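**Student:** Predicted model and sequence below, questions to follow.
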Amino acid sequence: MRHIISILMENEAGALSRVAGLFSARGYNIESLTVSPTEDKTLSRMTLVTWGNNEIIEQITKQLNKLIEVVKLIDLAEGKHIERELMMIKLKAEGDHREEVKRLVDIFRGKIIDVSDNSYVVEMTGATSKLDAFVDTVANELIVEVVRTGPSAISRGIGGLHL
Amino acid sequence: MGGLDLVEIHNVELNGGEIIVECLKKEGVEHVFGYPGGAVLHIYDAIFNQDDVKHILVRHEQGAAHAADGYARTTGKPGVVLVTSGPGATNAVTGIATAYMDSVPMVVITGQVPSPVIGSDAFQEVDTVGITRPCVKHNFLVKDVNDLAETFKKAFYIATTGRPGPVVIDVPKDITSPWIKVPFKYPTKIKMRSYNPTTKGHVGQIKRAVKMMLAAKRPVFYTGGGVVLDGAAAELTKLAQRLNFPLTSTLMGLGGYPATDKQFLGMLGMHGTYEANMAMHGTDVLIAVGARFDDRITGNVERFCPDAKIIHIDIDPSSISKNVRVDIPIVGSVKSVLQSMNDVLADVEIDHKPELIDGWWKDIEEWRARECLKYSTKSKKIMPQAAIESLYNVTNGNAIVCSDVGQHQMFVAQFYKFDRPNRWANSGGLGTMGFGLPAAMGAQIANPDDEVVLVTGDASIQMCIQELSTCMQYGLPLKIILLNNGYMGMVRQWQEFFYEKRYSESIVEAQPDFIKLVESYGHIGMTVSDPAELDSTMEKAFAMKDRLVLINVLIDPESNVYPMIEAGKGHNEMYMPPESELV
Ligand SMILES: Cc1ncc(C[n+]2csc(CCOP(=O)(O)OP(=O)(O)O)c2C)c(N)n1
Ligand SMILES: [Mg+2]
């Protein structure tokens, strides 16, 4: 099963490579990994998407907790949460395709943020599955480039991951 | 300088090298094992100017790390290593990884090229933090001389608490510059929001566990290195004797319970005793204490303890349910959890029915009667087992014994009955040949009044033999028992069993003359090949109290270690020695 693990860690050089190294050394899967600053300068927040059975996920969270720089983590899959990912996708847009692509972008509530006489850049946010669906729907030969951030996620309600 | 108190120190300005030495003093470090080089020259200068921290000059940085390791294993105190950048650091890596696998507390100071040139492929630059990351508990790169003291405090704190392990502090040369002086203040306490090892076990879990233990009909304690590391031998002994439960130990746990006691079944696992492995196979309640269900212990996990409910006590939550699912996990310091169990038992005395396990002891005595460690006494050659028995007798079981890796290591584990913890140092997790001699060196420095013995093999000894020179320099009167079979015996044994005796590259050809070799380092060598002279040779060697003596014991070359469980098999599927089948 797919899990989104949110980690608060000391904002120190090398912390990211400790996490990445742990995953490669122990053969765990990583689908995506994002790191960014938080409201507290001394902490950074990592969102890590992985998959595995319950035993593997249990080991992953235990091993992550063992890293000295990890302050706190939660497995968001254990409760209700919201997940968003940003995608920018560059599409060929010529002749008949220009209208067709635009209609599709509207259906998916994307925004065209760059236009040239033969291309569009589309910005789209949503759950990973929605972005996947858009990529699958657009004809393959129209895709020039896909850039995705990987998901960020947050729990619903007042509770949260903080110190 | 040793007597400076905090207030005074506060007003003293020190350079980085001096700060490092002061930090070591504050941590009570008496010995540092190291080797100098460009990046650590400032630190060596600070060492030169004082006598409190003694530096032991090894002959190879791997030796420094193993020596600090042997020091730590036989004292419980952290070992300290100091090496230069680049090759100094990479040479130490095997020793760091060895300590990591066996959870040995160690602080390793590595020099680094000056901060401004880091990343430029400078002379003797390697990414030490990157190289050591997967084999340390934690590592630091110091970026500011003002951070040195706190970094050292953290390093010692992390290395010695929770599940212990090695910590590397990488120190760029400019940080120790003699011209940059800053106020020195060593923190008396440290708190880290991201590191709070659990120490006390969950009371409810402990009570449940005790209840399960009291209802057991076929209980076994399976104890590991955690008992030794946490100094929990007394608590374990009290608990086991109160309940009259049998115990078996891993290679790392030996000495955690007196091996000469009748409740002790010997080591378990790949080369464990018949009675220990059969007890594991038949148990209904397994109490794992500071052990990690390593594959050399479990064999095939599918067939591991098929009927057992498992209680697991460990300081490291990630050890629990990693390889084998457990029923009652208890995260906490082994010592404190065992103590709590003893306390609980003091209350519920009435519920204890000791006769519940009478039948179990009968089974165990039957397995014992198989005499699985029996070996041929007909050979005209010295049997390796006999050599260890002779060693045991001549030292009255009181020596500190270090070993290398191979058959000889297993023979020590099977035949030297350790009654006390911290008397046995070997590389269990990583299985590092070359560990033995430097580890014994470290053990002797830490325990100058004890008899320290190295049991080694003709292949292993050649992997760190240069340390004989260090032993000469510091007058370390080790006794080295070289079980010389002319083979990488353990490799040969596997080739005999699983590769139809194709002894591919496992014959130790062109052996040096070990006697001349040790003599050239200034030590004494003896050779013995006649079983009738074994005891007298041992006595002669051990009578030379202040000299290092190597005994080259020419043993039966194709002896095997029995019993043996092939990798991937169950505990009830052992190869038994040809001799015991006759029983
Ligand atoms: C550094 C290292 N290289 C290789 C091995 C694999 N290995 C394990 S035991 C062994 C043979 C050891 O031979 P020896 O020291 O003579 O001991 P014996 O088994 O003969 O008692 C080897 C090569 C190892 N454990 N460590
Ligand atoms: Mg050999």
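**Tutor:** On my side now, so go ahead. Ligands and ions are numbered 1, 2, ... in the order given.
**Student:** CA only for contacts and neighbour counts going forward, please
**Tutor:** Noted.
**Student:** Which residue ranges of chain A form helices?
**Tutor:** In chain A, the segments counted as helices under DSSP state H are A:15-25, A:54-66, A:96-107, A:128-137.
**Student:** Please identify the most buried of these.
**Tutor:** helix A:54-66 (a mean of 17; mean count of other C-alpha atoms under 10 Å in any protein chain shown).
**Student:** hey, C-alpha coordinates of that helix in PDB?
**Tutor:** Only the C-alpha atoms of helix A:54-66 are listed here, as PDB (Å, rounded to 0.1, in the frame of the first residue of the first chain):
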ATOM      1  CA  ASN A  54       2.700  -3.200   7.000                       C
ATOM      2  CA  GLU A  55       5.900  -4.800   8.200                       C
ATOM      3  CA  ILE A  56       8.000  -2.800   5.800                       C
ATOM      4  CA  ILE A  57       6.300   0.500   6.600                       C
ATOM      5  CA  GLU A  58       6.700  -0.200  10.300                       C
ATOM      6  CA  GLN A  59      10.500  -0.800   9.700                       C
ATOM      7  CA  ILE A  60      10.700   2.400   7.600                       C
ATOM      8  CA  THR A  61       9.200   4.600  10.200                       C
ATOM      9  CA  LYS A  62      11.300   3.000  13.000                       C
ATOM     10  CA  GLN A  63      14.500   3.300  10.900                       C
ATOM     11  CA  LEU A  64      13.600   7.000  10.100                       C
ATOM     12  CA  ASN A  65      13.000   7.700  13.800                       C
ATOM     13  CA  LYS A  66      16.400   6.300  14.600                       C
END
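**Student:** now that helix, how far from the centre of its chain.
**Tutor:** Relative to its chain's centre, helix A:54-66 lies at 20 Å (C-alpha atoms, centre = their mean, to the nearest Å).
**Student:** Summarise which helices and strands that helix is packed against.
**Tutor:** helix A:15-25, strand A:70-75 (3 or more C-alpha pairs under 8 Å, 6 or more residues apart in numbering or on different chains; DSSP states H and E).
**Student:** Dump these into a markdown table; add mean pLDDT as well.
**Tutor:** Rendered in a markdown table, the data for these read as follows (pLDDT from 0 to 100):
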| stretch | mean pLDDT |
| --- | --- |
| helix A:15-25 | 94 |
| strand A:70-75 | 96 |
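**Student:** From residue A:121, how far out is the residue located most distally from the centre of chain A?
**Tutor:** In chain A, residue A:95 marks the outermost C-alpha relative to the chain mean, sitting 33.5 Å out by C-alpha atoms, centre = their mean. Applying C-alpha to C-alpha, to the nearest Å, the value for residue A:95 to residue A:121 is 16 Å.
**Student:** try residue B:212
**Tutor:** From residue B:212 across to residue A:121, the span is 65 Å (C-alpha to C-alpha).
**Student:** Please apply the same query to residue B:163.
**Tutor:** Taken as C-alpha to C-alpha, the span from residue B:163 to residue A:121 is 52 Å.
**Student:** Look at these two and report which has more neighbours.
**Tutor:** Neighbour count, other C-alpha atoms under 10 Å in any protein chain shown: between residue B:163 and residue A:121, residue B:163 has more, with 25 against 20.
**Student:** Verify the stated contact: that one with residue B:103.
**Tutor:** Yes. Using C-alpha atoms under 8 Å, residue B:163 is in contact with residue B:103, at 6.5 Å.
**Student:** quick one, what contacts the residue in the stretch 151-300 of chain B that chain A sits nearest to?
**Tutor:** Closest to chain A within the stretch 151-300 of chain B is residue B:194: 4.1 Å, counting by C-alpha to the nearest C-alpha. Residue B:194 makes contacts with A:9-10, A:68-72, as judged by C-alpha atoms under 8 Å, 6 or more residues apart in numbering or on different chains.
**Student:** Look through chain A and tell me its longest strand.
**Tutor:** The single longest strand within chain A, with elements called by DSSP state E, is strand A:81-92.
**Student:** Rounded mean pLDDT for it, please.
**Tutor:** Strand A:81-92 comes out with an average pLDDT of 97.
**Student:** name the helices or strands packed onto it?
**Tutor:** Identification of packing neighbours for strand A:81-92 by 3+ C-alpha pairs under 8 Å, 6+ apart yields strand A:119-126, helix A:128-137, strand A:143-148, strand A:152-155.
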